[in-house]
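Q: Sequence first, then the predicted structure:
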Protein chains: 2
Amino acid sequence: MRSAPSSQPEPDRASPPVPKLAIAQFGLGPIGIESVRLSATKPWVRIVGAVDIDPGKAGRPVAEVAGIGNLDGGRVYGTFAELLEDVRPQVVLHTAGSRAAEALAQIEPMCRRGISVASTCEELLYPMLRAPEEARRLDDICRESGSRVVGTGVNPGFVMDVLPICLSGVCRSVVKISAWRVVDASSRRKPLQRKIGSGLEPQAFNDLVQRGCAGHAGFRESASLIAHAMAWKLDDLQETCEPVIAVDEIRTEHFQVQRGFVSGLHQRCIGRVESEVRIELDLSMYLGAPDPHDAVRIEGDPRLEVRIPGGVAGDQATVAALVNVVPRLVRASPGLRLMTDLAVPAFA
Amino acid sequence: MRSAPSSQPEPDRASPPVPKLAIAQFGLGPIGIESVRLSATKPWVRIVGAVDIDPGKAGRPVAEVAGIGNLDGGRVYGTFAELLEDVRPQVVLHTAGSRAAEALAQIEPMCRRGISVASTCEELLYPMLRAPEEARRLDDICRESGSRVVGTGVNPGFVMDVLPICLSGVCRSVVKISAWRVVDASSRRKPLQRKIGSGLEPQAFNDLVQRGCAGHAGFRESASLIAHAMAWKLDDLQETCEPVIAVDEIRTEHFQVQRGFVSGLHQRCIGRVESEVRIELDLSMYLGAPDPHDAVRIEGDPRLEVRIPGGVAGDQATVAALVNVVPRLVRASPGLRLMTDLAVPAFA
């Protein structure tokens, strides 16, 4: 109701001047580049630099690497330590990798300096699942230094976790939460088409899944965040990932898939409490998938079913979720936070 | 990520013992009774008493008035001051009235004593709209005493404001937000059927609307909350309310509506920024409305459309929103809060 404390971004952008947050981008892959581009449009953001391991990017202006003409965004550094010698970001947007332990190791030196971090690392949606010790340590560091960290995105981060949790807020009781998503991968970028196994032989796909090198990352994290929010203690959390086989030849900009080869995946994640299925997440992501949509069902009182025809567009929305979380992140209490600890998502 | 401070409810109900919040109910109309009934099912709630002006209720056990056999919920008092002589609630659930100024006057003595309040008062969803001075004063009181106040519900409070705002969190840009709701009022309780004008002559309905005695309360508040979250400064906020006329005779449990008389309402609220329509809320609530549903559309990048077939059931969900907000309210910073200041809604 009141003017925000001075450390907070001014919520009413209609009233200039707007105090800007100094933001650095960590990782300049396709998502990182889009993150810079979107951040540059925000009146509350001042981009001060970026970090990327690619020697072809280090040393160049961020504006040039991101393809934005009129941006005074500092330069790209090969390491975060080098960036810190020149500039002092208040927030880092982290778009490097899917693994919690690796991301937490990259983020730790930022937090030690009181810098808050929003990350698209899928496993950071619920870091206690796969990296509990590292998560606890980072949480301690954040509380000491006054920084905050959160993992966000669209999936994981919204469609199959935060949105169903948000809907449960109007329920007197919740028996089971289901979310499903049908994504036509034809128009998505090449790394995603590869990640879902496009063009592989089925056996090669299964081998990749076994080695954790294919499939949608963060599914168990979505289920774990739901369970956390519902205060359900899951006895069992099972994930399966099957190939979807092309029945006709499929051609995309990036792949040519013969009949009988893999066109994508069907992934499921089931959470049980005392042998009852309480969480059911189902993702079909393949080339040419018909009737793409997202849906959530809450079995409870009242029963709710929500459908999003066409679904929430992946990469664009992921970058939006990342940038939009920043004002809410810096208002949160210090610590390693979950999306459900922060204020209601909102365009920022 | 950590155990909550001692003043907070334990989030993991799977780990007993659960520290309970002492809760009092203010208002024992139909919503207040349901609030007591739902609260009584929560392991984190201890009901310590209730307040109602009805002399037929004062002095009786809360359990008896609410029709719950095995509840040790204290008794009903005629005034809040009397309740305070006997018990000390940490949180009050306020279900008395729709007007911000009146509700804030009732709530003020609670906040002075450091007691937090969640209210279904429609205008408290965005109290700055109609009671800015009273809201500022209560905000000051809350900050001094360490209490928090929030207005919540389903509509206003979720379907046409918090839900669209939440969806905007995955958008790179937002041009316009629309929400519409079609409610078949046939099965709703009598006060709601009366509020929408059931059985009136059209002219009588229009007179009531003119006097502010019919129609859905809180529509402008929904639009104002959206505008606040989007940092849009509305130049214009128009509300209209038209009767829906019965084309055939309609009979419900409570009303008999002749052809040509009012079966309900069609209410719209339009918010403009620089003469562009940016917010459009549309509510059809009448006896026998076909295909009841809720829907939200965000025109932006990406464009999102969300549909909830059947809609979110009114009264039951309103009570759920009220009780579920409590754990998030007591974790929020002291002050007169908005739903968008609190953590993501969730079943509690």
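A: Sure, I can see it.
Q: which SS state does residue A:197 fall under?
A: Look at residue A:197: counting by DSSP: H, G, I helix; E, B strand; the rest coil, its state is coil.
Q: Count the neighbours of it for me.
A: The burial metric for residue A:197, expressed as a neighbour count using other CB atoms under 10 Å in any protein chain shown, is 30. C-beta here means a position set from N, CA and C on the backbone, and glycine is covered the same way.
Q: Relative to residue A:156, how far out is residue A:339?
A: Shown here: residue A:339 relative to residue A:156, a distance of 9 Å by CB to CB, to the nearest Å.
Q: joint contacts of the two?
A: Counting by CB atoms under 8 Å, 6 or more residues apart in numbering or on different chains, the contacts common to residue A:339 and residue A:156 are A:125, A:225.
Q: Looking at the most centrally placed residue in chain A now. What's its pLDDT?
A: Chain A has residue A:153 as the residue nearest its centroid, 2.7 Å off, counting by CA atoms, centre = their mean. Here the pLDDT value assigned to residue A:153 is 97.
Q: Check the stretch 101-250 of chain A for the residue nearest chain B and tell me.
A: Going by CB to the nearest CB, chain B is nearest to residue A:169 of the stretch 101-250 of chain A, at 2.6 Å.
Q: Could I get the contacting residues of that residue?
A: For residue A:169, the contacting residues are B:158, B:320, B:321, B:324, B:325, B:344, B:345, B:346, B:347, by CB under 8 Å, 6+ apart.
Q: tell me the pLDDT at the residue nearest to the first one when sequence neighbours are not counted?
A: Taking CB to CB, 6 or more residues apart in numbering or on different chains as the measure, residue B:158 lies nearest to residue A:170, with 5.4 Å between them; neighbours along the chain are not counted. Predicted confidence (pLDDT) for residue A:170: 98.
Q: again, but for the one 5 residues further on
A: We have a pLDDT of 98 for residue A:175.
Q: do residue A:188 as well
A: The predicted structure scores residue A:188 at 86 on the pLDDT scale.
Q: just checking, it touches residue A:314?
A: Yes. Contact criterion CB atoms under 8 Å: residue A:188 and residue A:314 qualify, at 6.3 Å.
Q: The residue nearest to the centre of chain A and residue A:120 touch, don't they?
A: Yes. Counting by CB under 8 Å, residue A:120 is a contact partner of residue A:153 at 5.0 Å.
Q: shared neighbours of those two, anything?
A: Common neighbours of residue A:153 and residue A:120, using CB under 8 Å, 6+ apart, are A:318, A:322.
Q: Taking the stretch 201-348 of chain A, what residue is nearest to chain B?
A: In the stretch 201-348 of chain A, the residue that lies nearest chain B is residue A:345 (2.6 Å; CB to the nearest CB).
Q: Surely that residue is within a helix?
A: No. Secondary structure assignment places residue A:345 outside any helix; it is coil (three-state DSSP).
Q: wait, what's in contact with it?
A: A:158, A:162, A:321, A:324-325, A:328, A:339, B:165-170, B:344.
Q: Could you report the pLDDT at it?
A: Note for residue A:345: predicted pLDDT of 98.
Q: Same check on residue A:194?
A: In this prediction residue A:194 is given a pLDDT of 89.
Q: anything in the helix or strand harbouring it near chain B?
A: Element membership for residue A:194, per DSSP states H and E: helix A:190-195. No. Helix A:190-195 stays out of contact with chain B when judged by CB under 8 Å from any CB of the partner chain, the minimum separation being 15.9 Å.
Q: hey, C-alpha coordinates of that helix in CSV?
A: Once non-C-alpha atoms are left out, helix A:190-195 reads as follows in CSV (Å, rounded to 0.1, in the frame of the first residue of the first chain):
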residue,chain,number,x,y,z
LYS,A,190,16.9,-27.3,-32.5
PRO,A,191,18.3,-28.1,-29.0
LEU,A,192,14.7,-28.8,-27.8
GLN,A,193,14.0,-31.0,-30.8
ARG,A,194,17.2,-32.9,-30.0
LYS,A,195,16.5,-33.1,-26.3
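Q: how far does that helix sit from the chain's center?
A: 16 Å (CA atoms, centre = their mean, to the nearest Å).
Q: for the record, mean pLDDT for the next helix or strand after it?
A: Note on helix A:190-195: by DSSP H and E, the next helix or strand toward the C-terminus is helix A:202-210. Helix A:202-210 carries an average pLDDT of 93.
Q: Restricting to C-alpha, output helix A:202-210 in PDB.
A: What follows is helix A:202-210, C-alpha atoms only, in PDB (Å, rounded to 0.1, in the frame of the first residue of the first chain):
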ATOM      1  CA  PRO A 202      14.000 -46.000 -30.300                       C
ATOM      2  CA  GLN A 203      16.800 -48.000 -28.600                       C
ATOM      3  CA  ALA A 204      19.200 -45.000 -28.900                       C
ATOM      4  CA  PHE A 205      16.500 -42.800 -27.300                       C
ATOM      5  CA  ASN A 206      16.000 -45.300 -24.400                       C
ATOM      6  CA  ASP A 207      19.800 -45.400 -23.900                       C
ATOM      7  CA  LEU A 208      19.900 -41.600 -23.700                       C
ATOM      8  CA  VAL A 209      17.000 -41.500 -21.200                       C
ATOM      9  CA  GLN A 210      18.800 -44.200 -19.100                       C
END
